[in-house]
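>>> my questions concern the predicted model and sequence given below.
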Amino acid sequence: MAGPILVFDSGVGGLSVVASLRRRLPEAALAYACDNAMLPYGMREDGWLVGRITEVCEAAVAASGCSGLVVACNTASTLALEALRERLAVPVVGTVPAIKPAAGMSETRHIGLLATSATVARPYTSRLIREFAGDCRVTRIAADPLVTEAERWVAGERPDSDVLRRTLSPMAEMPSLDTMVLGCTHFPLLRDWLIELAPRPVRWVDSGDAIARRAGQVMADHQHRRGSETGWVTAPSEALSRGLSGFGFAETRLLPLS
């Protein structure tokens, strides 16, 4: 019998993709792995990250016995997807900011990209914009504090409304912007607060459903059904274990790394 679908992220952001997978593939077993010992990835050197991501994902694939891997992290996907596909024997699905669907639904042709400073600045992001939103004005907003707020929320604390308001404040000067891409998987976890605290209403778009749809296509042969599901971490954390349990991962284990 095939194993669960494994979702990987540097922290808790991939739990937003877990929620999408639960909706699209309600009977499928999932496993979760996060490299919380090295969070945040966006502050680290690219070459080091490729090695670290590969090491952690290889260990998580072996430990979970998964049928496929979802890399629910923009940084990991842009840097290490090719290396992971070369090294792993299971299918690998990556993550990209939802620039294409946002461009397709924008009426004003002005969209925003709310992402980490690393994602905002990467050439990969610029290529996505040129390819899929060439006729749009795309405003990039670095929103690193939202990562911390999402981690706090999963750990059981309420997000800081003042931090969210300050991060979203540039939107007040953009009356033509009608669609905002949540370009980090952490950010959809805060969607309700973002909608409430944004200076004005916009469409909010993320990659979760597209990732889940692709995982269902690529891993269509998995037969493992939901039961007791495991979360894997690289550093012990009671708060993180409680947060993972709220997303269906009843057991949390320390990932064995060489």
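Yep, it's here.

>>> where along the stretch 101-250 of the chain do the strands fall?
110-115, 137-142, 179-182, 203-205, 230-233 (DSSP state E, counting those that start in this stretch).

>>> any buried residues in the second one, and which?
Of the residues in strand 137-142, 138-142 count as buried by neighbour count, 16 or more other CB atoms under 10 Å. Using the backbone N, CA and C atoms, a C-beta is placed for each residue, glycine as well.

>>> also the shortest one?
Neighbour-count burial for strand 203-205, counted by 16+ other CB under 10 Å, picks out 204-205.

>>> and the contacts of it?
98, 101-102, 105-106, 178-182, 191, 194-195 (CB atoms under 8 Å, 6 or more residues apart in numbering).

>>> can I get the buried part of these as one PyMOL selection?
Buried members of the contacts of strand 203-205, defined by 16+ other CB under 10 Å, are picked up in PyMOL with:
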select buried, resi 98+101+102+106+178+179+180+181+182+194
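
>>> could you dump the contacts of strand 203-205 to CSV with distance to residue 78?
CSV is the format used below for those (distance: CB to CB, whole Å):
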residue, distance to residue 78
98, 14
101, 18
102, 18
105, 24
106, 23
178, 26
179, 22
180, 20
181, 15
182, 16
191, 23
194, 23
195, 27
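
>>> turn the buried residues of strand 137-142 into TSV, including pLDDT and distance to residue 44.
Formatted as TSV, those follow (pLDDT from 0 to 100; distance: CB to CB, whole Å):
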residue	pLDDT	distance to residue 44
138	98	26
139	98	26
140	98	21
141	97	22
142	96	17
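
>>> which two among the residues you listed are spaced furthest apart?
Largest separation among these by CB to CB: 138 and 142, giving 13.7 Å.

>>> so how far is residue 119 from the residue nearest the centre of the chain?
Nearest to the geometric centre of the chain sits residue 185, at 2.6 Å (CA atoms, centre = their mean). Per CB to CB, to the nearest Å, residue 185 is found 11 Å from residue 119.

>>> who touches both of those two?
The contact lists of residue 185 and residue 119 share residue 74, where a contact means CB under 8 Å, 6+ apart.

>>> now the helices for this structure?
Using DSSP state H, the helices of the chain run over 14-24, 46-64, 74-87, 99-105, 117-121, 123-132, 145-154, 161-168, 191-197, 208-218, 238-245.

>>> centre of the chain versus the fourth one, how much separation?
Meaning helix 99-105. 18 Å (CA atoms, centre = their mean, to the nearest Å).

>>> if you count contacts, what does it end up packed against?
strand 110-115, helix 123-132, strand 179-182, strand 203-205 (3 or more CB pairs under 8 Å, 6 or more residues apart in numbering; DSSP states H and E).

>>> residue 153: which of these is closest?
strand 179-182 (14.5 Å).

>>> partner strands of that closest one, parallel or antiparallel?
Strand pairing for strand 179-182, using DSSP bridges, gives strand 110-115 (parallel), strand 203-205 (parallel).

>>> how many other residues sit next to residue 77?
25 (other CB atoms under 10 Å).

>>> grab the nearest non-local neighbour of it.
residue 94 (3.7 Å; CB to CB, 6 or more residues apart in numbering).

>>> my guess is the one you found contacts residue 71. True?
Yes - Residue 94 lies in contact with residue 71 (CB atoms under 8 Å); the separation is 4.9 Å.

>>> tell me the average confidence for stretch 247-258?
For stretch 247-258, mean pLDDT is 94.

>>> so how far is it off the chain centroid?
Taking CA atoms, centre = their mean, one finds the center of stretch 247-258 at 18 Å from the center of the full chain.

>>> what comes up buried for that stretch?
Judged by neighbour count (16+ other CB under 10 Å), stretch 247-258 contains these buried residues: 247-249, 252-253, 255.

>>> can you tell me which of these is nearest residue 124?
residue 255 (27.2 Å).

>>> enumerate every residue touching that closest one.
By CB under 8 Å, 6+ apart, the contact set of residue 255 is 33, 56, 59-60, 63, 232-234.
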